[in-house]
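Trainee: Here is a sequence together with a model predicted from it:
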Amino acid sequence: MGRRVKCRITGEIGNSDTFYKADNGLYYKSKELYDEYKQEAEYRRKIIDFFCLELLGYEKGCTFPTILIKKLESLSAYSNKTIWATILHKEEDLRYWASIEDKFKNDYGKICYLFVIVVNHINEVQRKIKAQKQVHVPTVEIPPEIEDISNKANQNKDI
């Protein structure tokens, strides 16, 4: 009998015997849920690093505008994986607009404009991702001759 624990992601209460205990000592409902959570966190880190370090030119450890987090949270209906795929899809456009210095008065305006590019193309990327997931492996039909052979082989065995 384990002790009562709470999942850090879903907030569900369960038993320490049935929940997954991660390396950080916290409990999660399942290992799959924890792995998915870690993957989403990594994509979020990639998105923030791409905007701050590569597009805006901030150095590691510098404070960046909080509007970046607010804009990212406004896309909470989409997974971070989808947002990252959209950024990769429109990376050339994002880099172009981020490199124009006299177009924007400050980083706030630049971040807002760059996120407009992401928002305008995110549905297209999400549809592509869903279409890739829906591609299924065709089922192989067994010809009746082969099926008859396997049935005859099984009938001849004495137990």
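Mentor: Received it, and whenever you're ready, just let me know what you need. Just so we're clear, the structure is a prediction, and the values are computed from it rather than from any experiment.
Trainee: list the buried ones in the biggest helix by length in the chain?
Mentor: In the chain, taking DSSP state H as the definition, the longest helix is helix 107-134. For helix 107-134, a neighbour-count test (16 or more other CB atoms under 10 Å) marks 107, 110-111, 114-115, 117-118, 121-122, 125-126, 129 as buried. C-beta coordinates here come from the backbone N, C-alpha and C atoms, glycine included.
Trainee: Likewise for stretch 95-103?
Mentor: 97-98.
Trainee: can you tell me the distance between the two ends of it?
Mentor: End-to-end distance of stretch 95-103: 14 Å, with CA to CA, to the nearest Å as the criterion.
Trainee: again with stretch 60-79
Mentor: 25 Å.
Trainee: and it, average pLDDT?
Mentor: For stretch 60-79, mean pLDDT rounds to 91.
Trainee: now the nearest residue to residue 15 once chain neighbours are set aside: how far from residue 18?
Mentor: Spatial nearest neighbour of residue 15, chain neighbours left out: residue 2 (4.6 Å); criterion: CB to CB, 6 or more residues apart in numbering. Taking CB to CB, to the nearest Å as the measure, residue 2 falls 7 Å from residue 18.
Trainee: Check residue 46 too.
Mentor: Note on residue 46: its distance to residue 18, by CB to CB, is 33 Å.
Trainee: out of those two, which sits in the busier spot?
Mentor: Higher neighbour count among residue 46 and residue 18: residue 46, with 16 against 11, using other CB atoms under 10 Å.
Trainee: quick one: residue 29 and residue 20 touch, right?
Mentor: Yes - Residue 29 lies in contact with residue 20 (CB atoms under 8 Å); the separation is 7.1 Å.
Trainee: Between these two, which has more neighbouring residues?
Mentor: residue 29 (19 against 16).
Trainee: what's the closest non-adjacent residue to the more buried one?
Mentor: In space, residue 29 is closest to residue 7, 4.4 Å off (CB to CB, 6+ apart).
Trainee: give the contact list for that neighbour.
Mentor: 13-14, 19, 27-29, 33 (CB atoms under 8 Å, 6 or more residues apart in numbering).
Trainee: Compile those residues into a markdown table and extend it with columns for secondary structure, pLDDT and distance to residue 77.
Mentor: Shown next, in a markdown table, are those (DSSP: H, G, I helix; E, B strand; the rest coil; pLDDT from 0 to 100; distance: CB to CB, whole Å):
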| residue | secondary structure | pLDDT | distance to residue 77 |
| --- | --- | --- | --- |
| 13 | strand | 91 | 27 |
| 14 | strand | 89 | 28 |
| 19 | coil | 89 | 28 |
| 27 | strand | 91 | 28 |
| 28 | strand | 92 | 23 |
| 29 | coil | 91 | 22 |
| 33 | helix | 92 | 20 |
